[in-house]
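Enquirer: What follows is a predicted protein model with its sequence.
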Amino acid sequence: SNGLPKLSVSGESKFIGEEIMSNRSGNLKRLIELGQSAWYDNISRDLIEGGQIKQLIDDGVRGLTSNPSIFEKAVSSSSIYDEDILSYSRDEFSDLYVYERLAVKDIQSAADLLKDIYASSDGTDGFVSLEVNPHLANDTKNTIAEGQRLVDLVDRDNLMIKVPGSKEGLPAITELISRSINVNVTLIFSNAVYSEVRKAYLAGLEKLLSNGGDVSKVSSVASFFVSRVDTVVDSQLETIDSTESRLLLSTVAIANAKQAYRDFRIEFSSDRFVKLEKVYGANVQKPLWASTSTKNPELSDV
């Protein structure tokens, strides 16, 4: 497992130094043999133009994710974006417009680097994710409009639109899937919400099919956040002075993920999905284990 924790399946990941390059490559290829896909949760123009993203992909990384915080860090910590920023007039363009254009350019470059994986996996891997404006998390109508607009703007088949798994996000997931738009459902913590996310995906496939669409051409992942569950639960367990509470420390997040995976297997072996899969070629909505780095410094990084 040397090198893998810092290149998590998703979550707070860092670029790994050259000294463990060979370990990283070997471990990533072992993951692929086990049917897993490691996605790198980071993007910047420095990493793209410097060749590090391509190297990660060559080593076995199968996808990339992004979010506004990642782009904020990328733009603020590098001068590589300055020329593009200065090309926009402050009188004509808003900060949001400029940010979006910078982000879209990087997303397009990353998607192009991943297009061979997308093609060789028949459109089930090789994605790069771009998040809708977080301020729309409680606005179904505008989340749908934003998702469609970003798809049109990026114009890459292997783009995934990140949509929050909020109450208002669920019908947006169904609608976007019904338009054959790939969706990364993000910020899932509870199994109750995850159940609704799976149902939203299946409803989207069924709506796409009823509209005459090809369900085999759309993919989705459900980003289930892991370590942050322990962060919250452990803080409560530490207030209880008992042997039982101490034994439960740093165990709940993995238990929660195991239950999520159990539910995933049940849902996607149900008659409802099997018909979509066997007859029409539908893809499962893969669980994406996000926030996989340990937050407690006393714990091993694996």
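Expert: Looks like it came in fine. Just so it is clear, the model here is predicted, and its values are computed rather than measured.

Enquirer: Do a quick rundown of the helices in the protein.
Expert: 21-33, 45-49, 52-59, 68-76, 82-86, 95-120, 140-154, 169-178, 191-210, 227-237, 243-248, 252-267, 271-280 (DSSP state H).

Enquirer: can you list those helices in TSV and add mean pLDDT, distance to Asn184 and mean neighbour count?
Expert: Quick note: C-beta positions are derived from backbone N, CA and C, even for glycine. Below are these laid out as TSV (pLDDT from 0 to 100; distance: least, Cβ to Cβ, whole Å; neighbours: other Cβ atoms under 10 Å):
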stretch	mean pLDDT	distance to Asn184	mean neighbour count
helix 21-33	84	19	15
helix 45-49	97	20	18
helix 52-59	96	18	18
helix 68-76	93	14	16
helix 82-86	94	26	12
helix 95-120	96	13	17
helix 140-154	98	11	18
helix 169-178	98	10	24
helix 191-210	98	11	19
helix 227-237	95	17	16
helix 243-248	96	31	11
helix 252-267	97	15	15
helix 271-280	98	19	13
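
Enquirer: Throw those helices into JSON lines and include distance to Lys286, thanks.
Expert: Shown next, in JSON lines, are the helices of the chain (distance: least, Cβ to Cβ, whole Å):
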{"stretch": "helix 21-33", "distance to Lys286": "14"}
{"stretch": "helix 45-49", "distance to Lys286": "24"}
{"stretch": "helix 52-59", "distance to Lys286": "18"}
{"stretch": "helix 68-76", "distance to Lys286": "21"}
{"stretch": "helix 82-86", "distance to Lys286": "34"}
{"stretch": "helix 95-120", "distance to Lys286": "14"}
{"stretch": "helix 140-154", "distance to Lys286": "19"}
{"stretch": "helix 169-178", "distance to Lys286": "14"}
{"stretch": "helix 191-210", "distance to Lys286": "10"}
{"stretch": "helix 227-237", "distance to Lys286": "19"}
{"stretch": "helix 243-248", "distance to Lys286": "29"}
{"stretch": "helix 252-267", "distance to Lys286": "8"}
{"stretch": "helix 271-280", "distance to Lys286": "13"}
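
Enquirer: To Pro134, which of those lies closest?
Expert: Among the helices of the chain, the nearest to Pro134 by Cβ to Cβ is helix 68-76 (6.4 Å).

Enquirer: Give me the helices and strands touching that closest one, please.
Expert: helix 95-120 (3 or more Cβ pairs under 8 Å, 6 or more residues apart in numbering; DSSP states H and E).

Enquirer: wait, what's in contact with Val98?
Expert: Val98 sits next to Ile85, Tyr88 when contact means Cβ atoms under 8 Å, 6 or more residues apart in numbering.

Enquirer: With Phe224 as the reference, measure out to it.
Expert: As for Val98, its distance to Phe224 is 33 Å (criterion: Cβ to Cβ, to the nearest Å).
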